[in-house]
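here's my sequence, what's the structure:
(one chain, ligands or ions: 1)
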Amino acid sequence: MRVIQLQYEGRHVKTTISVIKCDVGSLVGHHIVPEPLLEIAQNQLAKAKEAKLINSFYVFNAGDDLELLMTHEKGEGNSEIHTLAWNTFQEAAEKAKALKLYGAGQDLLKNAFSGNIRGMGPGVAEMEIDERRSDPIIVFAADKASAGSFNYPLYRIFADPMNSAGLVIDTSMFHGFKFEVLDSKKNERVILKSPEELHELVGLLGSSTRYTVSRIWQAKDHLLCAVTSTTKLSLIAGKYVGKDDPVAIIRAQHGLPAVGEILVPFLHTYFVEGWMRGSHWGPLMPVALKDSKCTVFDGPPRMVALGFQVCDGHIANLKDGKPMVADLFDDPAFELARREATETAAMIRRMGEFQPARLSQEAMEYTTLPQILEKLKDRFKPS
Ligand SMILES: [Mg+2]
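Reported below is the predicted structural model:
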């Protein structure tokens, strides 16, 4: 084993999994990342692999979001890795501009890049791990959805024994999990322990427009087992510039929830904030990569799930170096959720622009609603 060999040589190497994503422009409105942009990312990351900056990579799209999945040994928040992602997005955005694609460079909110992509617009989820004997990983990526979209499934996976049998059956999971919850308004964090503080946890996570799970650890030994991107684009830009379209990385098995326990919350649809103009509640549809594209009312919001094994710093690969990646929602078992999402989408769209189809007044403050109020301000009289 490489790690054992390196430890023997006096070096302890950890593996970092980075998922960095950005909407750099898309084909026909906010639909998909077209081939030329995926090619740019593929070429950039292939060069970085050749230069041994990264060990392995997989480029894919979640609707109109370009997703870079990379493994390396540089740790989280590394400036070389973030620069690679930033430059890749810049080049793809330039191509998008040249092709007059829609929303070219839309998530690249700031110009003064100084080595860390956080707070610049793109979403980031990174996890540095000591590889276990076998380390199954699932990466989730959503489109037309907000940063809080993982609250509900993460609660189910790591805190609900009715979802994850391991919480009851596997004694190594009896100690529960610690959730780091981010208050996106105040930019503060709190760590809550499940099951002891389950009610407080659900109290916060239920307000998914404000509170988001950023990290989860196994309580007994602080093993990191889930991370999400928590970027709130509207809070960075101060106005609506597109929805957050978050990503998450979750580790599975051996004292953590099984792969099937991580996927079972998606047996049914659930509502997320996002959809058309990022301003509506919409039912989440779990889809295969081939259906990772939003259509009806720019939706319904979609999520893909990719599974792989980490092997000596790499995504376990075929002989030719091609990473082995499982498209986990490419399965008839999720047909029910897809049908429910379509039916629920049809139902809530009858409400048009009336709450609860449309987001709350507070969320609409980042859209053009303040302009409507400004236009009418002199016509409001005491009632
Ligand atoms: Mg998007």
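
and the strands in the stretch 101-250 of the chain?
Assignment of strands within the stretch 101-250 of the chain using DSSP state E, counting those that start in this stretch yields the ranges 123-129, 135-143, 177-183, 188-194, 211-218, 224-228, 247-251.

helices and strands around the third one, which ones?
Packed against strand 177-183 by the contact rule (3 or more Cβ pairs under 8 Å, 6 or more residues apart in numbering; DSSP states H and E) you find helix 151-159, strand 188-194, helix 198-205, strand 211-218. All C-beta atoms are positioned from the backbone trio N, CA, C, and that covers glycine.

relative to Val264, which of these is closest?
helix 151-159 (7.8 Å; Cβ to Cβ).

which other residues reach the closest one?
Identification of contacts with helix 151-159 by Cβ atoms under 8 Å, 6 or more residues apart in numbering yields 163-164, 167, 176-177, 179, 194-195, 198, 201-202, 205-206, 208, 211-213, 216, 225-226, 228, 248, 250, 257, 261-262, 264-266, 270.

quick one: name the residues of the stretch 51-200 of the chain near the ion.
64-65, 143 (Cβ under 5 Å from the ion).

hmm, 6 Å instead?
Residues of the stretch 51-200 of the chain lying close to the ion by Cβ under 6 Å from the ion are 63-65, 143.

what sits against the residue most central in space within the chain?
The residue lying closest to the centre of the chain (Cα atoms, centre = their mean) is Val247, at 1.0 Å. Contacts here follow Cβ under 8 Å, 6+ apart; on that basis Val247 touches 19, 21, 62, 67, 123, 125, 139-142, 228-229.

longest helix of this protein?
helix 79-98 (DSSP state H).

show residues contacting that helix.
Applying Cβ under 8 Å, 6+ apart, the set of residues contacting helix 79-98 is 16, 18, 20, 22, 24-26, 36-37, 40-41, 44-45, 48, 53-54, 66, 68, 70, 72, 74, 103-105, 107-108, 113, 115-118, 120, 122, 124.

let's go with 7 Å and repeat that
The contact list for helix 79-98 (Cβ atoms under 7 Å, 6 or more residues apart in numbering) reads 18, 20, 22, 24-25, 36-37, 40-41, 44, 48, 53, 66, 68, 70, 72, 74, 104-105, 108, 113, 115-117, 122.

pLDDT weak spots in the stretch 1-150 of the chain?
By pLDDT under 70, the low-scoring segments of the stretch 1-150 of the chain are 1-12.

can you give me the helices in it?
Assigned by DSSP state H, counting those that start in this stretch, the stretch 1-150 of the chain shows helices spanning 2-8, 35-50, 79-98.

ditto for the stretch 251-383 of the chain
Using DSSP H, counting those that start in this stretch, helices in the stretch 251-383 of the chain cover 259-263, 335-349, 361-364, 369-376.

tell me which of these is the most buried.
Ranked by mean neighbour count under mean count of other Cβ atoms under 10 Å, the helices of the stretch 251-383 of the chain are led by helix 259-263, which reaches a mean of 21.

for Asp244, phi and psi?
phi -70, psi -40 (degrees, to the nearest 10).

that one - nearest residue in space that isn't next to it in sequence?
Nearest non-adjacent residue to Asp244, counting by Cβ to Cβ, 6 or more residues apart in numbering: Ala147, 4.3 Å away.

next, count neighbours for the one you found.
Ala147 has 31 neighbours, counted by other Cβ atoms under 10 Å.

before we move on, what about Val168?
Val168: 11 neighbours (other Cβ under 10 Å).

go ahead and confirm it touches Asp160.
No. Val168 is beyond contact range of Asp160, at 10.6 Å (criterion: Cβ atoms under 7 Å).

overlap in contacts of the two?
Among the neighbours of Val168, none is also in contact with Asp160 (Cβ under 7 Å, 6+ apart).

adding distance to Val310, write the strands of the stretch 101-250 of the chain out as CSV.
Below are the strands of the stretch 101-250 of the chain laid out as CSV (distance: least, Cβ to Cβ, whole Å):
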stretch, distance to Val310
strand 123-129, 7
strand 135-143, 4
strand 177-183, 20
strand 188-194, 26
strand 211-218, 17
strand 224-228, 13
strand 247-251, 9
